[in-house]
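S.K.: A predicted structure for the sequence below; I have some questions about it.
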Amino acid sequence: MVLLAEWPCTIPADLIIHKLLEICKAEEIDADEQAVEAIARMAMGGMRDAQSILDQMISFCGRKIVQQDVLEVYGL
């Protein structure tokens, strides 16, 4: 039996970035790579967290997201 604690608890940022860029392409969202990198860092290894942050950014910014938008929305 495998215990949950044995599984990796975080997903590498590069995989999160890749997936978020795929989502943006599929949804026709123009997000620059720096914005997606900032989202991945804030998610701290959580894919669902990253997708939720991206969804919030789309709600706030529409179909174009830049790094400055992410930093301003999250007060960084």
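M.R.: Done, it's in.

S.K.: residue nearest the centroid of the chain?
M.R.: Nearest to the mean C-alpha position of the chain, counting by CA atoms, centre = their mean, stands Ala50 at 3.4 Å.

S.K.: separation between that one and Leu20?
M.R.: 6 Å (CB to CB, to the nearest Å). Any C-beta I mention is one placed from the backbone N, CA and C, and that applies to glycine too.

S.K.: name the element the residue nearest to the centre of the chain belongs to?
M.R.: Ala50 is located in helix 47-61, with elements delineated by DSSP states H and E.

S.K.: partner strands of the next helix or strand after that helix and their direction?
M.R.: Where DSSP H and E defines the elements, the next helix or strand beyond helix 47-61 is strand 64-65. The sheet places strand 64-65 alongside strand 30-31 (parallel), with pairing taken from DSSP bridges.

S.K.: what mean pLDDT does the partner strand have?
M.R.: Mean pLDDT, strand 30-31: 97.

S.K.: and for it, what are the contacting residues?
M.R.: Leu20, Leu21, Cys24, Leu54, Met57, Arg63, Lys64, Ile65, Val66 (CB atoms under 8 Å, 6 or more residues apart in numbering).
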